[in-house]
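Undergrad: Take this sequence and fold it.
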Amino acid sequence: MLAVIILTVIIGGSVFAILRWNAMKSEVSSKPWFAGFVDVTATPTFAFEQLGTTKTRDAILSFIVSSPKDACTPTWGGAYTLDQARDSLDLDRRIARLQQQDGNVAVSFGGLKNDELAVACSDVESLKKAYGSVVERYDIETIDLDLELAGLTDTAAGDRRAEAVAQLQSERRAAGKNLAVWLTLPVAPQGLSETGAGAVARFLAKGVDLAGVNVMTMDYGSSRIAGQSMLAASESALIQTQRQLGILYQRAGKKLSDSTLWAKLGATPMIGQNDEASEIFTLDDAQGLNKFALSKGIGRMSMWSVNRDIPCGSNYVDVKIVSDSCSGVKQENRAFSVLLSAGFEGSFKLSAGMVTTESKGSTVQKKDDPATSPYQIWATSGAYLEGTKVVWHHNVYQAKWWTEGDEPDSPVLQSWETPWELIGPVMPGEKPVVQATLPEGTYPEWSGTAAYDTGQRVLFKGIPYQAKWWTQGNSPAAASSNADGSPWVPLTQEQIEAIKSGQ
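TA: Presented below is the predicted three-dimensional model:
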């Protein structure tokens, strides 16, 4: 009888916890939020507790890493254990002071300079306890995992990390508590690297309910196209990551809507002078990124770092050398925080209980209509020259190189895996683009009796065409109405303009 009573209490307690947690879910907010990273161990010490007097009260404290003496012991920057940070940095009291003023803290694990816990701590149970001790110590509901170098490339560490976090999140939810998990990853204008995408896939495979993926829109190096602004590079990085994230969730068996995927994205620029000497993220870039983020419905905006959100002053000799305590550009105090946070009215405290749910509704694609499509509709058997524009699933794509049989919206993670570049959607009211013409004599006029080899060009009513395969007697006129069956493909606008200019 006693055993029955105990079992009833245990089951009843678990049910109550789950019901309590489900009730909490209805109180969460999906509003986008802003919180800057604060480097806790940087010198001079940044008084993040004073953020409570500003409009941007929330902070992401960084970084928790492995102790050099004990791999499974969490420390601040490898320099202070949690108890030492309490005594030497007065950290617990400062967090409590911020919370008194309605500010909140999340904690970031990892970073560039030290070992993230999972890299050095090889036991999953000990790793879970290490993460959990930080969560409990500071009474937080949101963690951020900043994965760089070995933290990103060490696959065994990645498996341990995902397993430990999955267990911790599951246990907390069973106890009626929240644990939002964000991954912060390096990015290029082309999107996440293979290792970055692999880190996301690993967490999804282990059953972690990711709050989102925060990309470090900074330090692009050679991945940034010549002449591409920091703003344009950052926008491209976010667009590509959103596309990749959709594929990763699909592969994990969950289809999310575009709006849900955007809400699972975060952006973290390095304000002012970046580590790359040629890269400067300006106040205008900050304003532009904020506008772009709000237009897309991005769920999170952060920055590296709040410590740096002041001008360097006249005594700082070389602003091209990155400082931990100033931005290196002319600005007012906290100018980047103000610009980047505009419109981000939520808080990670309110969104921590959100649960990812699969999108419902029809996935049937409406057919593309040649009468309302600016370019030819892509066909499986069509061959397309570099620069050719096509319409597919109501979007315009352009061929990056000669292609045949490659579906424009095929779900590939890396942009180099597809010959197609997405230009944008077909706009309401569009009509077929009139094909440009070339002067008579540029190429031979098409003849119904002549035979043409693959690659030969002809003029048909002033429009240049190229043979996709050997043909005789097949008029180029059919190319527009039956692109897949026609042996002819019209030259692109870019190719015609190049021919006209003699290039």
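
Undergrad: For the most centrally placed residue in the chain, give me its contacts.
TA: Per C-alpha atoms, centre = their mean, the C-alpha nearest to the average position across the chain is that of T241, at 3.7 Å. By C-beta atoms under 8 Å, 6 or more residues apart in numbering, the residues touching T241 are 187, 191-192, 213, 215, 265. (Each C-beta comes from the backbone N, C-alpha and C, glycine too.)

Undergrad: which of the residues you listed lies closest to V355?
TA: V213 (16.7 Å; C-beta to C-beta).

Undergrad: count of neighbours near the closest one?
TA: Burial of V213 is recorded as 27 neighbouring residues (other C-beta atoms under 10 Å).

Undergrad: Show me what it is bridged to.
TA: L183, L265 (DSSP bridges).

Undergrad: For it, give me its contacts.
TA: Counted by C-beta under 8 Å, 6+ apart, V213 has contacts 182-185, 192, 200, 241, 245, 264-266.

Undergrad: Check what pLDDT the nearest residue to T195 once chain neighbours are set aside gets.
TA: Of all residues not flanking T195 in the chain, L152 sits nearest, at 5.0 Å (C-beta to C-beta, 6 or more residues apart in numbering). For L152, the model assigns a pLDDT of 97.

Undergrad: and L152, how many neighbours?
TA: 22.

Undergrad: quick one: what helix or strand has it in it?
TA: Assigned by DSSP states H and E, L152 belongs to helix 150-153.

Undergrad: what does R86 give?
TA: Here R86 is assigned to helix 82-88, by DSSP H and E.

Undergrad: and that helix, how far out from the chain's middle?
TA: Counting by C-alpha atoms, centre = their mean, to the nearest Å, helix 82-88 is centred 35 Å from the centre of its parent chain.

Undergrad: got it, and stretch 184-197?
TA: 8 Å.

Undergrad: what about that stretch, start to end distance?
TA: Using C-alpha to C-alpha, to the nearest Å, the end-to-end distance of stretch 184-197 comes out at 12 Å.

Undergrad: With stretch 337-347 instead?
TA: 15 Å.

Undergrad: export stretch 295-315 as PDB, just CAs?
TA: Taking C-alpha atoms only, stretch 295-315 is exported to PDB below (Å, rounded to 0.1, in the frame of the first residue of the first chain):
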ATOM      1  CA  SER A 295      10.800  43.300 -42.200                       C
ATOM      2  CA  LYS A 296      11.700  39.500 -42.100                       C
ATOM      3  CA  GLY A 297      10.400  38.900 -38.600                       C
ATOM      4  CA  ILE A 298      13.800  37.800 -37.200                       C
ATOM      5  CA  GLY A 299      13.300  36.600 -33.600                       C
ATOM      6  CA  ARG A 300      16.500  37.900 -32.000                       C
ATOM      7  CA  MET A 301      19.000  40.700 -32.300                       C
ATOM      8  CA  SER A 302      22.300  40.800 -30.400                       C
ATOM      9  CA  MET A 303      25.700  42.400 -30.800                       C
ATOM     10  CA  TRP A 304      29.300  41.900 -29.800                       C
ATOM     11  CA  SER A 305      29.500  43.600 -27.400                       C
ATOM     12  CA  VAL A 306      27.800  45.900 -25.000                       C
ATOM     13  CA  ASN A 307      31.200  46.600 -23.500                       C
ATOM     14  CA  ARG A 308      32.300  48.100 -26.800                       C
ATOM     15  CA  ASP A 309      29.300  50.400 -27.400                       C
ATOM     16  CA  ILE A 310      31.200  53.600 -26.700                       C
ATOM     17  CA  PRO A 311      33.700  55.700 -28.700                       C
ATOM     18  CA  CYS A 312      37.300  54.900 -28.100                       C
ATOM     19  CA  GLY A 313      38.400  58.400 -27.200                       C
ATOM     20  CA  SER A 314      41.300  60.600 -28.300                       C
ATOM     21  CA  ASN A 315      43.900  58.600 -26.200                       C
END
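
Undergrad: before we move on, back to that, the residue nearest to the centre of the chain belongs to a strand?
TA: No. Counting by DSSP: H, G, I helix; E, B strand; the rest coil, T241 is not part of a strand but helix.

Undergrad: Distance-wise, check it relative to W402.
TA: For T241, the distance to W402 equals 28 Å [C-beta to C-beta, to the nearest Å].

Undergrad: Check A277 too.
TA: 38 Å.

Undergrad: Over to V135?
TA: Distance from V135 to W402, by C-beta to C-beta: 53 Å.

Undergrad: Can you give me the buried ones in the next helix or strand after the helix holding L152?
TA: Downstream of helix 150-153, the first helix or strand assigned by DSSP H and E is helix 155-174. Buried positions in helix 155-174, judged by neighbour count with 16 or more other C-beta atoms under 10 Å: 157-158, 160-169, 172-173.

Undergrad: Could you point out which of the residues you listed is nearest to S223?
TA: G158 (22.4 Å).

Undergrad: my read: the closest one touches A199, true?
TA: Yes. Between G158 and A199 there is a contact under C-beta atoms under 8 Å: 5.9 Å.

Undergrad: Could you name every residue contacting both of these two?
TA: L152.

Undergrad: Could you report the neighbour count for T195?
TA: T195, neighbours per other C-beta under 10 Å, totals 16.

Undergrad: How about the one 3 residues further on?
TA: As a burial measure, the neighbour count of G198 was computed by other C-beta under 10 Å and equals 17.

Undergrad: related to what we said a few turns ago, which is the succeeding secondary structure element to the helix holding R86?
TA: helix 91-100.

Undergrad: hmm, who's touching that following helix?
TA: 40, 47-49, 51-52, 57, 59, 61, 76, 85-86, 104-105, 137-138.

Undergrad: which residues of the stretch 401-503 of the chain fall in helices?
TA: Assigned by DSSP state H, counting those that start in this stretch, the helices in the stretch 401-503 of the chain fall at 493-500.

Undergrad: Could I get the buried residue list for the helix holding L152?
TA: Buried-residue list, helix 150-153, by 16+ other C-beta under 10 Å: 151-152.

Undergrad: For C72, which residues are in contact?
TA: 66, 117, 120-121, 123, 126-127, 129-130.

Undergrad: Ok, L152 next?
TA: L152 neighbours (C-beta under 8 Å, 6+ apart): 158, 185-186, 195-196, 199.

Undergrad: from the residues you listed, which ones fall inside helices?
TA: When DSSP state H is applied, the contacts of L152 are split such that 158, 195-196, 199 fall in helices.

Undergrad: Figure out the length between the terminal residues of stretch 221-233.
TA: 11 Å.

Undergrad: What of stretch 67-80?
TA: 8 Å.

Undergrad: So for that stretch, mean pLDDT?
TA: 97.

Undergrad: what's the spacing between it and its chain's center?
TA: 30 Å.
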